[in-house]
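# attaching a predicted model along with its sequence, questions to come.
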Amino acid sequence: MKTKRILSAVLAVIMIMTVMTACGEAKPEYAYDDEAPSLCEAYADYFNIGAAINSWDLTDETTDRFKLINKHFNTFVMENETKPDQIHPKEDTYNFDATDKFVEFGEKYGKTLRGHTLVWHSQVPNWFFEDNGEQASADLLVERMKEHITTVVSRYKGKIDTWDVCNEVLDDSYGLRLSNWLKIIKDYDGDGDRYDFIEIAFRTAHEADPDARLIINDYSLESSTDKAITMYNMVKKMLEEGVPVDGVGLQMHVGIDMDVEKARENMKILARLKEINPDFVLEVTELDMSCYGWGNNDLNIDFKSIEKEFNAKYVELFNMLMDLSEEGVLDSVVFWGFNDGNTWLNGFPVEGRTNYPFLIDADLKFKSAFWKVIDLPEKR
């Protein structure tokens, strides 16, 4: 009798699952499942959905990882391999293999590609700034910067659609970051401003590929109104001088405690640049949402305990981003990764700490936040 009762219970469970599937209530578990909905297709009327990847994600098209990224994203950026220290480690040496593979993938599958980044204070080899053991002159550094930008952008002309030309040029005191680029090049043309290296970089990139979208990219623009205003004022002046800046990229490395309404207000400040250039755009370029609030240095967190809060914040954020899309302000949202197992936040800023910043977990399974976010466009 006991065996029959167990068998009956098992059959009942199977029947319930069958009915749920037939009624459309069962959802795919894994993000690479053929029957799973596509995130980028769900948001096709609002903005492109992208992800940062690495060349090894593209080596085998039969893997679940490849199927996942190809299914859910229509825009891609290399996490590290187009940065100066990777693509141009020595003055006479370029490493194009990884980026060539990236471009081949984009052409084969019709993806929009972003290049990150041409000029940055970090992950740039020291040789750029040195000359026989001494500091390079402004003329030499400008020459090297132009050569680097022209070589890289020209090689991928018409293939890489967007470039983060300059990255993180503002500091946390809302002024220009005192990078080697700034310290050496200074006010190169003598017109009284100090952003000459930025201006030269954008003009050079535009000459190399006039059709590429050129972005100035930075962090905390969504959370710091002072920084957003500083960026607005600088880019406004450059646009008035004819510098070909096509948009501002907001990295948007945010936490579960982010202020979404402040982000909206700051993005609208930057969107006023459309008054000068009607085609000016905003992009979210490096989105991830830490499960830890700002300043929280705890080593561990029980994700289940904050899952509802995490989901609600993602919903609030994506609703705001769709609002800006409808207003003609935003047309691209790129995640800085695509699953919790591969994120720079694992171990940063607290060594040994695991984070859970995405809509897909480390096992490539959908998190409940995914279903909350993918349903939003249909609810409009």
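Thanks, I have the structure now. Numbers count the residues shown, from 1 in each chain.

# only C-alpha atoms for contact and neighbour calcs from this point on.
Fine.

# quick one: residues contacting Asn277.
Leu239 (Cα atoms under 8 Å, 6 or more residues apart in numbering).

# how about Cys166: what's its closest non-neighbour residue?
Computed as Cα to Cα, 6 or more residues apart in numbering, the closest residue to Cys166 that is not its neighbour in sequence is Val119, at 4.8 Å.

# surely that neighbour and Val165 touch.
Yes. Contact between Val119 and Val165 holds when scored by Cα atoms under 8 Å: they sit 6.0 Å apart.

# since we're on the residue nearest to Cys166, how many residues are nearby?
Look at Val119: counted by other Cα atoms under 10 Å, it has 25 neighbours.

# now swap in Met234 and tell me
By other Cα under 10 Å, neighbour count at Met234 equals 14.

# isn't there a helix covering it?
Yes. Judged by DSSP: H, G, I helix; E, B strand; the rest coil, Met234 forms part of a helix.

# tell me the contacts of it?
With contacts defined as Cα under 8 Å, 6+ apart, Met234 is in contact with no residue.

# output stretch 44-56 as PDB - backbone C-alpha positions only.
Written as PDB, here are the backbone C-alpha positions of stretch 44-56 (Å, rounded to 0.1, in the frame of the first residue of the first chain):
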ATOM      1  CA  ALA A  44      13.800  45.600 -29.400                       C
ATOM      2  CA  ASP A  45      11.400  48.500 -29.300                       C
ATOM      3  CA  TYR A  46      13.400  50.300 -26.700                       C
ATOM      4  CA  PHE A  47      17.100  49.800 -26.800                       C
ATOM      5  CA  ASN A  48      19.800  47.300 -27.700                       C
ATOM      6  CA  ILE A  49      20.800  44.900 -24.900                       C
ATOM      7  CA  GLY A  50      24.500  44.100 -24.700                       C
ATOM      8  CA  ALA A  51      27.100  42.300 -22.700                       C
ATOM      9  CA  ALA A  52      30.900  42.400 -22.100                       C
ATOM     10  CA  ILE A  53      32.600  39.200 -23.300                       C
ATOM     11  CA  ASN A  54      36.000  37.800 -23.800                       C
ATOM     12  CA  SER A  55      37.600  36.000 -26.800                       C
ATOM     13  CA  TRP A  56      37.400  32.600 -25.100                       C
END
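
# list the contacts of it.
Contacts to stretch 44-56, defined as Cα under 8 Å, 6+ apart, come from residues 39-40, 43, 69, 72-81, 98-99, 101-102, 286, 322, 325-326, 330-338.

# buried members of those into ChimeraX, please.
Of these, the buried ones go into a single ChimeraX selection, burial set by 16 or more other Cα atoms under 10 Å:
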select :39,40,43,69,72,73,74,75,76,77,78,79,80,81,98,99,102,286,322,325,330,331,332,333,334,335,336,337,338
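
# which of the contacts of stretch 44-56 fall within strands?
Within those, residues falling in strands by DSSP state E are 75-78, 286, 330-335.

# how far out from the middle of the chain is stretch 79-95?
In terms of Cα atoms, centre = their mean, to the nearest Å, the centre of stretch 79-95 is set 20 Å apart from its chain centre.

# in it, what's buried?
Within stretch 79-95, the residues scored as buried using 16+ other Cα under 10 Å are 79-89, 94-95.

# for Ala369, state which of those is nearest.
Nearest to Ala369 out of the buried residues of stretch 79-95 is Glu79 (Cα to Cα; 23.6 Å).
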